[in-house]
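> Next come a sequence and a model predicted from it.
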Amino acid sequence: MLKLWKFKEVDRAVSQSTWQSRPIPEGSTLEQLRGELLELMAQESINHYRMGQIYNYIVEKRLAEKAGYEDARDYLSKHLADLSQPTLTRYAAVAHAFSEPVAQRFGITCLSVLLYYKEAADLEINAEEPGNTPIEVPDEKGHLSTQPFSQCSVDEMRRALQRKRKPSSTKPLPPEVEVLAEQVSEAVALRFPKGKGAIVKVALRNQKGQAVLDFKGIPVEQVLLLAEALTGELPAVSAPPKLPPVA
């Protein structure tokens with residue numbers, strides 16, 4: 001019993017020393033402190049990256065299902081209730097998309113926001129070198145400046161993401177404009193049938209109240225087909241149904 005009590009006391013002392021902050025040595029230089037900050041940031045990123053790897057492994061190997069649970073979320077909600085599922089999902093997404101050195105370099109949080117920005121902005125990123133990804137960052141007055149991802153703070157990334165997700169105009173586009181856009185899209189689809197190698201997309205967006213059509217994925221050698229689609233007779237389409245107002 002005495003040995004067990006001593007073991008618990010030692011374990012408690014080790015635990016306390018692990019969590020308690022060490023005093024900063026008098027005379028520490030700016031570069032020394034910067035180095036420790038970088039080390040602490042790297043340790044946090046590595047730990048979170050590893051958590052994402054573990055979650056991905058559980059999901060890919062269907063370990064929770066094999067153990068009788070509905071899925072990984074069901075298992076973790078019962079056995080690790082204090083672990084935030086959305087946070088763990090973000091870690092897993094970063095671990096799936098990027099290597100550990102990239103996560104250590106840029107940080108889990110910034111990279112997770114970058115993944116959301118990638119979807120909202122519909123852009124491609126280099127998973128091994130995401131630092132050069134152009135990010136449109138608005139300032140407090142809404143003025144935009146484009147800067148590389150490597151120079152963006154977490155706050156700047158979140159502002160950039162919020163801007164991409166926020167509609168550029170609250171005024172809806174007229175139904176006739178949507179019909180015209182659908183006609184153009186159908187005409188282009190007829191010139192670029194699926195399965196012919198070209199993946200052509202036509203997207204309508206609301207730019208400050210003005211309807212704008214974006215064309216994407218048109219091979220250079222087939223650009224004349226686009227001209228034919230836009231100058232020829234447009235196919236008839238039915239008017240899109242009106243959506244109910246948002247409550």
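That came through, no problem. Residues are numbered from 1 along each chain as shown.

> what pLDDT does Ser153 get?
Note for Ser153: predicted pLDDT of 92.

> State the distance from the closest residue in space to it that isn't next to it in sequence to Lys61.
Nearest residue to Ser153 in three dimensions, chain neighbours excluded: Cys110, at 7.9 Å (C-beta to C-beta, 6 or more residues apart in numbering). Any C-beta I mention is one placed from the backbone N, CA and C, and that applies to glycine too. In this view, Cys110 and Lys61 are 29 Å apart by C-beta to C-beta, to the nearest Å.

> These two: which is more packed in?
Applying other C-beta atoms under 10 Å to Cys110 and Lys61 shows that Cys110 carries more neighbours, namely 21 against 11.

> wait, isn't the more buried one in contact with Val154?
Yes: shown here, Cys110 and Val154 form a contact pair, counting by C-beta atoms under 8 Å, at 5.5 Å.

> and Thr146, what helix or strand is that in?
If you go by DSSP states H and E, Thr146 is part of strand 144-148.

> now for the helix or strand just after that strand, which elements pack on it?
Counting by DSSP H and E, the next helix or strand C-terminal to strand 144-148 is helix 154-165. Identification of packing neighbours for helix 154-165 by 3 or more C-beta pairs under 8 Å, 6 or more residues apart in numbering; DSSP states H and E yields helix 108-121, strand 134-138.

> buried ones in helix 154-165?
Glu156, Met157, Arg158, Arg159, Ala160, Leu161, Arg163, Lys164 (16 or more other C-beta atoms under 10 Å).
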